[in-house]
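**Student:** quick one, structure for this:
(one chain, ligands or ions: 2)
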Amino acid sequence: MAKPVAIEVWNPNGKYRVVSTKPMPGTRWINLLIEQDCRVEICTQKKTILSVEDILALIGDKCDGVIGQLTEDWGETLFSALSRAGGKAFSNMAVGYNNVDVNAANKYGVAVGNTPGVLTETTAELAASLSVAAARRIVEADEFMRAGLYDGWLPHLFVGNLLKGQTVGVIGAGRIGSAYARMMVEGFKMNLIYYDIYQATRLEKFVTAYGQFLKANGEQPVTWKRASSMDEVLREADLISLHPVLDKTTYHLINKESLATMKKEAILVNCSRGPVIDEVALVEHLRENPMFRVGLDVFEDEPYMKPGLAEMKNAIVVPHIASASKWTREGMATLAALNVLAYLFQSYERSESRERLIYKGMSGDAIMLDESLCDGRLYHCVGLII
Ligand SMILES: NC(=O)c1ccc[n+]([C@@H]2O[C@H](COP(=O)([O-])OP(=O)(O)OC[C@H]3O[C@@H](n4cnc5c(N)ncnc54)[C@H](O)[C@@H]3O)[C@@H](O)[C@H]2O)c1
Ligand SMILES: O=C(O)[C@H](O)CO
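**Tutor:** Numbering: from 1, shown residues only. Ligands and ions are numbered 1, 2, ... in the order given. Have a look, this model is predicted:
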């Protein structure tokens, strides 16, 4: 028998029971659920990562939908329990869904949603911040200053890398990778090389047009290249940012061999998922190459770091905060609630079309649509995977 977990209840007499495994920013998501006659139960247990047992207790005997978090293991056990409780919908409050076994959800007839788009620019901005912080050694310099070690300007003090005119490499040029590439090309006038299994046509057009604009103004034009292999990016780029999904094809994409192909003074940024990098190999590489620098938002064994990483002066580490802006986190919560509503109403009130329901939720000011996602149709902004 699972132990009970602490919850906060909104609209106790609501017809549908929707559980959120964590309190989420803003109230819009709660109001949207209440407006559709949901009783909303929010887990308030003081425990950062809930176990499968905790979530089983939250699901209970009757549960129509759940909003969960990327730290939770949504597999066979949870989806079968949700299905037994009458649940039809699950949404991750994240765009990444490597913690979700979509096949298991499918098997038990539970729809899965994620929250793309609203976090694209926020995440790209953090990747850009880590890139600049690593290039200019900002964290090291800050620590030096606070330690009272600064005793005057010196020609060699915290010399870093100039980004302008260098090459930025993007692995995984999807929504976030493309937004990041644009920031680095436009903001720092870097040339672009990218690797993705799909062609990033809009990104290529942007860099071409920006290059023409610079040329017309008498400046050095920026260039782009789609690499035929990831290694080509690793060999040629001065700064490399990782933005692929985490799956079998990207697990340990960056390992001892691939690190060895990178320039000795290159910068590597990871705002995708920790296991995309073999972190043990990375620590060894950082130790052996003091001029190689990394900026990491995600870690292989989150919340832990592999031994030695914390001591590396050439590493900047932040705790998975890439999407952490107020606007974005409220938007993610709202999208997650809309994902659940979309499926609840598809099953319970067939007369209300999914498009209309979601349109109703989306109208207002909280969510700005990402054009590349919606393709002119609003409901594409809600990340329904199945
Ligand atoms: N650190 C954070 O807080 C944070 C925030 C948002 C997203 N993320 C991560 O970023 C990922 C990307 O998000 P997105 O919205 O840009 O997704 P997206 O689907 O738009 O982009 C992912 C890209 O990766 C490419 N890709 C897939 N397999 C590849 C491979 N083997 N090699 C090269 N490219 C490959 C895809 O073709 C796609 O273009 C998410 O899946 C998530 O894990 C992390
Ligand atoms: O995948 C995601 O959305 C992030 O890791 C959290 O924003």
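
**Student:** now check the longest helix seen in the chain, is it near ligand 1?
**Tutor:** Criterion DSSP state H: the longest helix present in the chain is helix 326-348. No: figure legend: helix 326-348 not in contact with ligand 1 (CB under 6 Å from any ligand atom); closest approach 9.0 Å. To be clear about C-beta, it is placed using only N, CA and C from the backbone, and glycine gets the same treatment.

**Student:** got the buried residues for that helix?
**Tutor:** 327-346 (16 or more other CB atoms under 10 Å).

**Student:** so which of these would count as near ligand 2 as well?
**Tutor:** Answer for the buried residues of helix 326-348 near ligand 2: none qualify (CB under 6 Å from any ligand atom).

**Student:** close to ligand 2: what parts of this protein are there?
**Tutor:** Residues of the chain lying near ligand 2 (CB under 6 Å from any ligand atom): 70, 94, 95, 96, 119, 323.

**Student:** let's see 8 Å
**Tutor:** 70, 92-97, 114-115, 119, 123, 273, 298, 320, 322-324, 328, 332 (CB under 8 Å from any ligand atom).

**Student:** neighbours of residue 291, how many?
**Tutor:** 12 (other CB atoms under 10 Å).

**Student:** separation between whichever residue of the stretch 151-300 of the chain sits closest to ligand 1 and residue 69?
**Tutor:** Residue of the stretch 151-300 of the chain nearest ligand 1, by CB to the nearest ligand atom: residue 174 (1.8 Å). Relative to residue 69, residue 174 is positioned 22 Å away (CB to CB, to the nearest Å).

**Student:** which parts of the stretch 101-250 of the chain sit against ligand 1?
**Tutor:** 116-117, 119-120, 122-123, 126, 171-179, 195-198, 200, 230, 243-247, 249-250.

**Student:** helices - which of these land there?
**Tutor:** 120, 122, 123, 126, 175, 176, 177, 178, 179, 230.

**Student:** between these, which is nearest ligand 2?
**Tutor:** So of these, ranked by how close each gets to ligand 2 (CB to the nearest ligand atom), first place is residue 123, at 6.7 Å.

**Student:** quick one: residues contacting the closest residue to the closest one other than its chain neighbours.
**Tutor:** Sequence neighbours aside, residue 322 is the residue nearest to residue 123 in space, at 4.2 Å (criterion: CB to CB, 6 or more residues apart in numbering). Taking CB atoms under 8 Å, 6 or more residues apart in numbering, we find residue 322 in contact with 119, 122, 123, 126, 127, 271, 297, 298.

**Student:** all helices for the stretch 101-250 of the chain, in order.
**Tutor:** 102-107, 120-135, 138-146, 175-188, 201-216, 230-236 (DSSP state H, counting those that start in this stretch).

**Student:** can you pull out the helices in the stretch 251-386 of the chain?
**Tutor:** 256-261, 279-288, 326-348, 354-362, 371-374.

**Student:** and the third one, average pLDDT?
**Tutor:** What helix 326-348 shows for mean pLDDT is 82.

**Student:** angle of that helix against helix 120-135?
**Tutor:** 140 degrees (axes from the mean of the first three to the mean of the last three CA atoms, to 10 degrees).

**Student:** which stretches of this structure have low pLDDT?
**Tutor:** The chain contains residues with pLDDT under 70 at 1-2, 346-386.

**Student:** rerun at 50
**Tutor:** 347-386 (pLDDT under 50).

**Student:** domain boundaries for it, per the record?
**Tutor:** If you go by automatic domain parsing, the domain ranges for the chain are 7-118+325-368, 120-317.

**Student:** re the thing from before, could you redo the contacts of residue 322 as JSON lines and give each row distance to residue 36?
**Tutor:** Listed next are the contacts of residue 322 as JSON lines, based on distance: CB to CB, whole Å:
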{"residue": "119", "distance to residue 36": "24"}
{"residue": "122", "distance to residue 36": "28"}
{"residue": "123", "distance to residue 36": "29"}
{"residue": "126", "distance to residue 36": "33"}
{"residue": "127", "distance to residue 36": "36"}
{"residue": "271", "distance to residue 36": "34"}
{"residue": "297", "distance to residue 36": "35"}
{"residue": "298", "distance to residue 36": "34"}
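
**Student:** ranking those residues by neighbours, who comes first?
**Tutor:** residue 271 leads these on contacts (other CB under 10 Å) with 28 neighbours.

**Student:** residues contacting that residue?
**Tutor:** So residue 271 contacts 123, 126, 127, 130, 176, 241, 242, 243, 297, 298, 322 (CB under 8 Å, 6+ apart).
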